[in-house]
Structures are given as structure tokens and as C-alpha cells.
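1. just a sequence and a predicted model for now, questions to come.
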Amino acid sequence: MTRLALIALIALAACKEEQAAAPPDPVDLTETALSYFCQMNVAEHGGPKGQIHLEGYPAPLFFAQVRDMVAYLKSPERDAEITAVYVSDMGAAPSWHEPGISNWIAADQATFVVGAGVAGGMGAPEIVPFATPDAAARFIESYGGAALPLTDIPDDAALGPVDLTQSLETPA
């Protein structure tokens with residue numbers, strides 16, 4: 001009987017570990033969310049957004065541009081271990097100027113359009129996330145670029161210098 005109780009206790013402990021390891025859910029974008037790098041209000045800027053959850057932090061880091069979020073991910077200097085990363089699904093966004101407050105998708109499941117020549121919320125070239133490859137392909141038909149998973153986004157797409165003389169489109 002004690003052996004059975006011990007097995008049950010081990011199984012229960014394993015279940016609790018699995019629950020603790022589950023990533024946090026995305027947080028709705030509110031009017032008070034500030035962009036991590038510039039501390040500007042995220043909701044005041046169009047284009048896709050990002051949020052990164054860090055272990056031990058109660059609230060996520062928000063980013064006014066996905067490009068900035070990818071730069072943070074590629075940086076070796078972080079405050080804590082990353083537990084979840086979410087991006088706006090621009091295929092579900094009401095418009096470029098209204099990217100949505102709760103249409104978050106896991107970044108590792110998204111298809112990103114890189115090199116489309118569109119301006120993100122802070123005016124720099126943007127990396128545009130979509131929940132499906134088909135939605136990304138439709139965007140590419142209109143604005144160009146290439147569809148890539150998060151792991152294949154080149155460093156220079158997020159960390160390269162911004163050409164202020166470059167003409168960028170703002171999608172409708």
C-alpha cells in the first residue's frame with residue numbers, strides 16, 4: 001500500500017511540474033502598455049506588436065514594433081529567462097493602424113514577412129507576423145518580402161541600421 005501511495009505522490013508531483021512549465025497566456029494590449037525600448041505608449045502606434053514574458057516578472061515586455069522584439073530576442077543581454085513570446089496576427093488585425101488588442105499568436109508558430117518595405121509603428125522597416133502561411137502570402141503579393149519562421153529571420157532585419165532616406169509604405 002505504501003508503494004502505491006509513493007507512486008501516486010510521484011505522479012502528482014510530475015503533473016504539478018508540467019503545470020508550472022506551461023507558458024503564460026498572452027496579455028491583452030491596453031492603453032497603458034509601454035514599449036520596452038522607448039517607453040512610448042504601444043497602442044498609439046500602428047503595425048504589429050510583440051510581447052515577451054520573462055520568468056519571475058508579473059507583466060510582459062511590450063514592443064511597439066515586431067522588429068524591436070526580434071532585436072531583443074537576438075540580444076544576449078536579457079533580464080531573465082524567456083517563458084513565452086507572442087506577436088500580433090496581422091491576418092486577424094482590423095487594420096494596420098489598429099493591429100488588435102487580443103489577436104496574439106505564439107511567435108514560434110507564426111509566419112513572418114521580412115523585407116516587405118513597410119513601416120512599423122516606430123517608422124522603421126517592419127517584420128510582419130501572420131498565423132498562417134496563406135495570410136503571409138497574400139501580404140507578400142501586395143507588399144513584397146519573404147515568408148520566414150522566427151528562427152530564420154536574419155540578424156540584419158532586426159539589428160541592421162535604419163536608412164532614414166528609404167521610402168516605406170504604410171499598409172491600409
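-> Perfect, I can see it now.
2. how about the residue nearest the centre of the chain, secondary structure?
-> Centroid-nearest residue in the chain: V87, 2.9 Å away (criterion: C-alpha atoms, centre = their mean). What DSSP: H, G, I helix; E, B strand; the rest coil gives for V87 is strand.
3. show me where this structure has its strands.
-> 50-54, 61-63, 82-88, 104-106, 111-114, 128-130, 146-148 (DSSP state E).
4. list the residues that contact the residue nearest to the centre of the chain.
-> P48, K49, G50, Q51, V66, M69, W104, I105, A107, A110, P129 (C-beta atoms under 8 Å, 6 or more residues apart in numbering). Using the backbone N, CA and C atoms, a C-beta is placed for each residue, glycine as well.
5. contacts only, for the nearest residue to the third one once chain neighbours are set aside.
-> The shortest distance from G50 to any residue that is not its chain neighbour, by C-beta to C-beta, 6 or more residues apart in numbering, is 3.1 Å, and that residue is M69. Residues touching M69, when contacts are defined by C-beta under 8 Å, 6+ apart, comprise G50, Q51, I52, F63, V85, V87, A107.
6. which of the contacts of V87 sits closest to P149?
-> For these, the residue nearest P149 by C-beta to C-beta is A110; the value is 7.8 Å.
7. touching, that closest one and F130? I think so.
-> Yes. Here A110 reaches F130: they are 6.4 Å apart, a contact under C-beta atoms under 8 Å.
8. overlap in contacts of those two?
-> By C-beta under 8 Å, 6+ apart, the residues touching both A110 and F130 are D89.
9. so in this structure, where's the weakest helix or strand by average pLDDT?
-> helix 2-21 (a mean of 54; mean pLDDT, DSSP states H and E).
10. chain center to stretch 127-142: distance?
-> 15 Å (C-alpha atoms, centre = their mean, to the nearest Å).
11. in that stretch, what's buried?
-> Buried residues in stretch 127-142, defined by neighbour count with 16 or more other C-beta atoms under 10 Å: I127, V128, P129, F130, A131, A135, A136, F139, I140.
12. going by distance to V27, which of these wins?
-> Among the buried residues of stretch 127-142, and counting by C-beta to C-beta, the member closest to V27 is P129, at 16.6 Å.
13. that closest one pairs with what?
-> F112 (DSSP bridges).
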